[in-house]
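got a sequence here, can you model it:
(chains A and B)
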There are 2 protein chains.
Amino acid sequence: MSRKTKEEIASIYQAMQDHICQSIEQADGSGKFEEDLWTREEGGGGRTRIFKNGAIIAKGGVAFSAVHGPTPEKILSKLQLSKSDFFATGISIVIHPKSPMVPIIHMNIRYFEMENGEYWFGGGIDLTPHYLNTADASYFHQEVKAVCDRFDAQYYIKFKKWADDYFFIKHRNETRGVGGIFYDRLKADSDEGFEEILNFSLAIGRLFPEVYGYFMTRNSALPYGENELSWQGLRRGRYVEFNLVWDAGTKFGLDTNGRTESILMSMPPEANWEYMHSVKEGSAEDFTTKNLKKEIDWINFSK
Amino acid sequence: MSRKTKEEIASIYQAMQDHICQSIEQADGSGKFEEDLWTREEGGGGRTRIFKNGAIIAKGGVAFSAVHGPTPEKILSKLQLSKSDFFATGISIVIHPKSPMVPIIHMNIRYFEMENGEYWFGGGIDLTPHYLNTADASYFHQEVKAVCDRFDAQYYIKFKKWADDYFFIKHRNETRGVGGIFYDRLKADSDEGFEEILNFSLAIGRLFPEVYGYFMTRNSALPYGENELSWQGLRRGRYVEFNLVWDAGTKFGLDTNGRTESILMSMPPEANWEYMHSVKEGSAEDFTTKNLKKEIDWINFSK
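I've put the predicted structure just below:
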């Protein structure tokens, strides 16, 4: 058994983007992705697919890219490597729904390879409900755990904790949402191990349209009004705060002359801020904010 | 002649906040500031005044604070000082108008004193029009320069350049607006010099309601429609991007456990993002973005 080449991985990821986009269009039932092809001066490029004004999705992006060239100075110094070329391919997704009852979702799978053959996989999937629904959170974490368990009994517990720590809005002392999994620098000693990690990333890729299709269909049927929409605006504001202030990927990209429009694809169509907003004791908003915490066992959550 | 104490400066700044709020309420004609008093566990506190839903102002804040206590570790290491107490007082203002034809404005004056007697002043004022009006930009810079020139013939040229460099959205390769002035670590060798710098900060404080009152009254009479409102949303998005990604004060505050609600008072009530938004060649939006550049001589601007 030999392991896949970086070009094969890019091509598999690109096919996964097709699969995801088709599934999401089907779940939305009305909107269509628009494609934006771009190239990168130093090498490679991407195929960004943008969804606007669907029946269920307000703004979303499913981006594929495969880029290569001289490794940016900041990565070299961080990894303590000397000058060398890199190759990176991946899919990155953020979807902001119209309805405040449908959660925001983020998914990312990526593969990185250096000229000297060093490589690693990274990725994750996490859910940001505007309104916490514990059954939804439990379902989501069960599905994610089931995928993890097929590959390594330790993955879920390790990567769930990593997501809790990563998707944390320090200046608000709250998590971005109910978390999920996050992993980085994942590698193996054998070709079999390599293929296993690649397959793990593909399993997360396939999980994405399944779980999100479920939320799109089911939660978009729930009623809401002005109150819920105004809360959604504030929660989207927190999403912006996390991504612009704390998200390591966003910060790194903006700081190293990355492609701004791709990096900021994660921004909501609209976000709101209000000075000292307070929620009513015992309200759904109160319940949500009180549970934006690390280390919650969502699968077995009980109030 | 002896120089003012830190308590006297705090009290003068607090009176300046009163003056500014009265002037702005008068110019708006409808809304009123709401006051939020807060204290800081380690010492001191603030009086934040928030404006919501006025006739002209959508969301604005005029914050006064006077805080003291042990100097945060990050400041000590930056200044290469050993453990010591600090005192800081200042006024910070950001106003987001309803009309896209009225510019966003920011003003800040602050005084910092260390236990060992070391001190400095900082501050600035800068304008962020949604739509560039060169006559407005010229008027604004003339007024700012006139204040600077009363104190030091070099101030305007030095501090205008500082603002160009500071209020720069690197990942968009554009300035936040038409700039203004920015200064920091300003100090003098004599008591007279100290009083001069204090008076310079007070002159900027008094300038603020004059110039902004002018824009509020004059520009809010200009017509606009859906197109202008949607452009305003996108420009507000850029304001958010600057403040959360690049503003040193915001980053520092959020990173050192500052008072989040005070720091993020600068956020607009609403902001929008659109993937790869493009403007029509030759439009007012195009003219604006093409001139969001450093080193423009706004006083003598010609197309």
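
residues from the stretch 201-303 of chain A in reach of chain B?
Contact residues, the stretch 201-303 of chain A versus chain B (CB under 8 Å from any CB of the partner chain): A:233, A:237, A:240-241, A:244-245, A:251, A:254-255, A:257-258, A:260-261, A:263-265, A:267-276. (Each C-beta comes from the backbone N, C-alpha and C, glycine too.)

filter those residues to the buried ones?
Neighbour-count burial (16 or more other CB atoms under 10 Å in any protein chain shown) applied to these gives A:233, A:237, A:240-241, A:244-245, A:254, A:258, A:260-261, A:263-265, A:267-275.

name the nearest residue to the residue of the stretch 51-200 of chain A at minimum distance from chain B, sequence neighbours excluded.
At 4.1 Å from chain B, residue A:171 is the closest residue in the stretch 51-200 of chain A, using CB to the nearest CB. Computed as CB to CB, 6 or more residues apart in numbering or on different chains, the closest residue to residue A:171 that is not its neighbour in sequence is residue B:254, at 4.1 Å.

same question, residue A:119
The shortest distance from residue A:119 to any non-neighbouring residue, by CB to CB, 6+ apart, is to residue A:113 (4.3 Å).

wait, is that neighbour part of a strand?
Yes: counting by DSSP: H, G, I helix; E, B strand; the rest coil, residue A:113 is found in a strand.

is it bridged to anything, and to what?
Beta-bridge partners of residue A:113, counted by DSSP bridges, are residue A:87, residue A:119.

which ones are touching the spatially closest residue to residue A:61 that is not a sequence neighbour?
Residue nearest to residue A:61 in three dimensions, not counting chain neighbours: residue A:265, with 3.9 Å by CB to CB, 6+ apart. Contacts were defined as CB atoms under 8 Å, 6 or more residues apart in numbering or on different chains; by that measure residue A:265 touches A:48, A:50, A:61, A:63, A:92, A:94, B:275.

residue ranges with poor pLDDT in chain A?
A:1, A:303 (pLDDT under 70).

which parts of it are strands?
Ranges of strands in chain A, per DSSP state E, are A:33-39, A:44-52, A:57-70, A:85-97, A:104-114, A:119-128, A:168-169, A:174-175, A:179-186, A:270-272.

let me have those in a markdown table, extended by distance to residue B:214.
Shown next, in a markdown table, are the strands of chain A (distance: least, CB to CB, whole Å):
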| stretch | distance to residue B:214 |
| --- | --- |
| strand A:33-39 | 42 |
| strand A:44-52 | 39 |
| strand A:57-70 | 37 |
| strand A:85-97 | 39 |
| strand A:104-114 | 42 |
| strand A:119-128 | 43 |
| strand A:168-169 | 39 |
| strand A:174-175 | 41 |
| strand A:179-186 | 50 |
| strand A:270-272 | 29 |
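
can you put the contacts of residue A:265 in a markdown table and add distance to residue A:286?
As requested, these are exported to a markdown table (distance: CB to CB, whole Å):
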| residue | distance to residue A:286 |
| --- | --- |
| A:48 | 38 |
| A:50 | 35 |
| A:61 | 32 |
| A:63 | 35 |
| A:92 | 33 |
| A:94 | 26 |
| B:275 | 34 |
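
looking at the residues you listed, which one is closest to residue B:193?
Proximity of the contacts of residue A:265 to residue B:193 (CB to CB) peaks at residue B:275, which lies at 51.9 Å.

leaving out chain neighbours, which residue sits closest to that closest one?
Nearest in space to residue B:275, with sequence neighbours left out and distances taken as CB to CB, 6+ apart, is residue A:50 at 4.8 Å.

what's the closest of the contacts of residue A:265 to residue A:189?
Ranked by distance to residue A:189 (CB to CB), the contacts of residue A:265 are led by residue A:92 at 27.9 Å.

what sits against that closest one?
For residue A:92, the contact set (CB under 8 Å, 6+ apart) comprises A:61, A:62, A:63, A:65, A:107, A:108, A:110, A:262, A:265.

tell me what it is bridged to.
The partner residues for residue A:92, given DSSP bridges, come to residue A:63, residue A:108.

can I assume the residue nearest to residue B:275 is in contact with residue A:34?
Yes: using CB atoms under 8 Å, residue A:50 is in contact with residue A:34, at 5.1 Å.

those two: which has the busier surroundings?
More crowded of residue A:50 and residue A:34, by other CB atoms under 10 Å in any protein chain shown: residue A:50, with 18 against 12.

what's the angle from the helix ranked longest in chain A to strand A:104-114?
Looking across chain A with DSSP state H, the single longest helix is helix A:191-219. Between helix A:191-219 and strand A:104-114, the angle comes out at 160 degrees (axes from the mean of the first three to the mean of the last three CA atoms, to 10 degrees).

ok and helix A:191-219 relative to strand A:57-70, angle-wise?
Helix A:191-219 and strand A:57-70 are oriented at 160 degrees to each other (the same axes, to 10 degrees).

list the buried residues for helix A:191-219?
By 16+ other CB under 10 Å, the buried positions in helix A:191-219 come out as A:194, A:197-198, A:200-202, A:204-205, A:207-209, A:211-213, A:215-216, A:219.

thought residue A:262 was touching residue A:46?
Yes: the pair residue A:262 / residue A:46 is scored as a contact, 6.6 Å apart, by CB under 8 Å.

so which residues on the stretch 1-150 of chain A come close to chain B?
A:36, A:48, A:50, A:52, A:59, A:61.

for the residues you listed, work out which two are farthest apart.
For the residues of the stretch 1-150 of chain A next to chain B, the farthest-apart pair by CB to CB is A:36 and A:59; their separation is 14.0 Å.

so between these two, which is more surrounded?
Neighbour count, other CB under 10 Å: between residue A:36 and residue A:59, residue A:59 has more, with 24 against 17.

residue contacts, the more buried one?
Applying CB under 8 Å, 6+ apart, we find residue A:59 in contact with A:50, A:51, A:52, A:95, A:96, A:268, A:269, B:273, B:274, B:275.

and of these, the nearest to residue A:41?
Nearest to residue A:41 among these is residue B:275, at 20.3 Å by CB to CB.

about what we covered before: overlap of the contact sets of residue A:262 and residue A:46?
Shared contacts of residue A:262 and residue A:46, defined by CB under 8 Å, 6+ apart, comprise A:38, A:63, A:65.

which strand residues bridge the first one?
It refers to residue A:38. Going by DSSP bridges, residue A:38 forms beta bridges with residue A:46.

I'd say residue A:126 and residue A:163 touch.
Yes: between residue A:126 and residue A:163 there is a contact under CB under 8 Å: 5.4 Å.
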